[in-house]
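# Got a predicted model here, sequence first, then my questions.
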Amino acid sequence: MDHVEGNALPKEKSISDPVCIQNVSEYLGRIRTCISKRQQKGCVVVYRGEPDVYEQPCRPNIFRKGVLKGNDFFEKNLFDTMRQSKLTGEKRYLDNAIDAQHGEFPSRLLDVSYNCLIALYFAVTPYYHYREDSMDKKDGMVYLFFMDEIFSPSAQNTNDNYNAIINRNQDWYQSNSIFWNNHKFIDHTKLNGRIIAQQGAFILFPGEEPQELPKYVYCGIRIPGESKALIRQELNQLFGIHTGSVYPEIINLVKELSGKSTKLNTEEFCCENEVHHTLKQLEQELLYYLDYALEQRKSDRIGQILVHIEQRLSYYRQGIKEFQEYCKHSPSISEEWAEQMAEQYNQLVQRFSDAIEEYRIGELSWRTLKL
């Protein structure tokens, strides 16, 4: 199934308007503004910094290197070789992937941090193989991700999901690209002899091709290139954050883990739950688009916005149709799941279409969008 290239709106609601962020204080103010605008209570906020405004941001490096093309078991072979070479002592493939990520190997895990200042450091500082000021003429970006579920790296469901990707032994999962959109936020705190606490986590991209993160999940802050040098100096002097820094010990661990446990997803990894996950994401996307369309309904961009929404709905519709067809010929997956998925899709799109008309925003091509 083809995916919607770019997943871009005519005017990006998810990227802040250009502002002159000159220092860390102004950056923190912008962070507070972004969080308050979202009004998503109970979600976990994590961050990612990138030293350039990339055309395809927030993309795991395995999709940039092209190593998956023509080599379905590249990751499994990589992890087995790492084990053989004693580069990882872990028995689970997800743990191997985390070690691979730290060792600069290709990975489908996207690094994020619980600390917005760590993300800011990466937005103003290139990879340590390069000079610190080598990208000071280019703007950087910090992305905020609003996650309502946490998957534990030690939980059975998370490892079953990752094993299905690596071993390619769940045909219903590999054969239906509608599930490639089910990004999973994986918590991660790794302790070694030096008591490193980088407040890190990952977002898992499950597909054979990278699917854009849905717009309701994130927003971005642009960091001007001319401000990078001062911000690096402040991060070092005020917070001790620099290339060679040793991060502080973890404090309030019990409180932190207790808070995470209330959002921890422990559901079994199976076709039924992936169907529910997809429909939940669709519902969240439609809420996001309704809010955005309301803001822009009097602008000359509303036509483009409605076209974009129809494209996103067509993506879901096509994926569900392919899943329906797959279920007809699969003895292991009940057609009931596909029918329920189609029915709930129709209900969500019908309610969204009614709301668009009720608020006099416009009309959707409901007849061509329904299943």
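Thanks, I have the structure now. Fair warning: this is a prediction, and the values are worked out from it, not measured in the lab.
# Checking the residue lying closest to Ile165 once chain neighbours are set aside next. Helix, strand or coil?
The shortest distance from Ile165 to any non-neighbouring residue, by Cβ to Cβ, 6 or more residues apart in numbering, is to Pro206 (5.6 Å). (Glycine included, C-beta is placed from N, CA and C.) When classified by DSSP: H, G, I helix; E, B strand; the rest coil, Pro206 comes out as coil.
# try the one 3 residues further on
Taking three-state DSSP as the rule, one finds Glu209 in the coil state.
# Quick check: it touching Asn181?
No - under the criterion of Cβ atoms under 8 Å, Glu209 makes no contact with Asn181, lying 10.9 Å away.
# who's more crowded, those two?
Neighbour tally, Glu209 and Asn181, criterion other Cβ atoms under 10 Å: the higher count belongs to Asn181, 22 against 12.
# how far away is that one from Leu213?
In this view, Asn181 and Leu213 are 9 Å apart by Cβ to Cβ, to the nearest Å.
# Please work out how many residues are found near Gly29.
Other residues near Gly29 number 12, with proximity taken as other Cβ under 10 Å.
# Counting neighbours, which bits of the helix or strand it falls within end up buried?
Assigned by DSSP states H and E, Gly29 falls within helix 24-38. Residues of helix 24-38 classed as buried by neighbour count (16 or more other Cβ atoms under 10 Å): Val24, Tyr27, Arg30, Ile31, Cys34, Ile35.
# Could you export those to a markdown table, including columns for pLDDT and distance to Gly225?
Shown next, in a markdown table, are the buried residues of helix 24-38 (pLDDT from 0 to 100; distance: Cβ to Cβ, whole Å):
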| residue | pLDDT | distance to Gly225 |
| --- | --- | --- |
| Val24 | 95 | 16 |
| Tyr27 | 95 | 14 |
| Arg30 | 92 | 17 |
| Ile31 | 93 | 19 |
| Cys34 | 88 | 21 |
| Ile35 | 88 | 25 |
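# Check for me that Ile203 belongs to a helix.
No - assessed with three-state DSSP, Ile203 is strand; it does not lie in a helix.
# Please verify my assumption that the residue nearest to Ile165 contacts Asn161.
Yes - contact criterion Cβ under 8 Å: Pro206 and Asn161 qualify, at 7.2 Å.
# Mutual contacts of those two, please.
When Cβ atoms under 8 Å, 6 or more residues apart in numbering defines a contact, the residues bordering Pro206 and Asn161 alike are Lys184.
# Between those two, which has more neighbouring residues?
Using other Cβ under 10 Å, the more surrounded residue of Pro206 and Asn161 is Asn161, with 25 against 19.
# Residues contacting the helix or strand hosting Ala355, please?
Using DSSP H and E, Ala355 falls within helix 335-358. The contact list for helix 335-358 (Cβ under 8 Å, 6+ apart) reads 271-272, 275, 278-279, 282-283, 286, 289-290, 293, 306, 313, 316-317, 320, 323-324, 326-328, 362-364, 366, 369-371.
# ok, of the residues you listed, which come out buried?
271, 275, 278-279, 282-283, 286, 289-290, 293, 306, 313, 316-317, 320, 323-324, 326-327, 364, 366, 369.
# Just the ones of these in helices?
Per DSSP state H, helices hold the following members of the buried ones among the contacts of helix 335-358: 271, 275, 278-279, 282-283, 286, 289-290, 293, 306, 313, 316-317, 320, 323-324, 326-327, 366, 369.
# where do the helices sit along the chain?
Going by DSSP H, the chain shows helices at 24-38, 62-65, 74-84, 93-102, 116-124, 156-167, 171-174, 228-239, 253-261, 271-296, 302-328, 335-358, 366-369.
# Quick check: mean pLDDT of the last one?
Over the span of helix 366-369, the pLDDT mean works out to 82.
# now for that helix, which elements pack on it?
Secondary-structure packing of helix 366-369 (3 or more Cβ pairs under 8 Å, 6 or more residues apart in numbering; DSSP states H and E): helix 302-328, helix 335-358.
# from the middle of its chain, how far away would that helix be?
Centroid separation for helix 366-369 versus its chain: 29 Å, with Cα atoms, centre = their mean, to the nearest Å.
# One more: the third one?
Between the centre of helix 74-84 and the centre of its host chain there is 25 Å, according to Cα atoms, centre = their mean.
# cool, the second one as well?
Mean-position distance between helix 62-65 and its chain equals 16 Å (Cα atoms, centre = their mean).
# What residues sit buried inside that helix?
Ile62, Phe63.
# ok, and what's touching it?
Under Cβ under 8 Å, 6+ apart, the answer for helix 62-65 is Leu68, Glu75, Pro106, Ser107, Arg108, Phe205, Glu209, Pro210.
# What's opposite the nearest residue to Phe202 once chain neighbours are set aside in the beta bridge?
Ranked by Cβ to Cβ, 6+ apart and with sequence neighbours excluded, the top spatial neighbour of Phe202 is Leu109, at 4.1 Å. Beta-bridge pairing for Leu109 (DSSP bridges): Leu204.
# Test my guess that Leu109 contacts Phe185.
No - look at Leu109 against Phe185 with Cβ under 8 Å: they stay out of range, at 10.8 Å.
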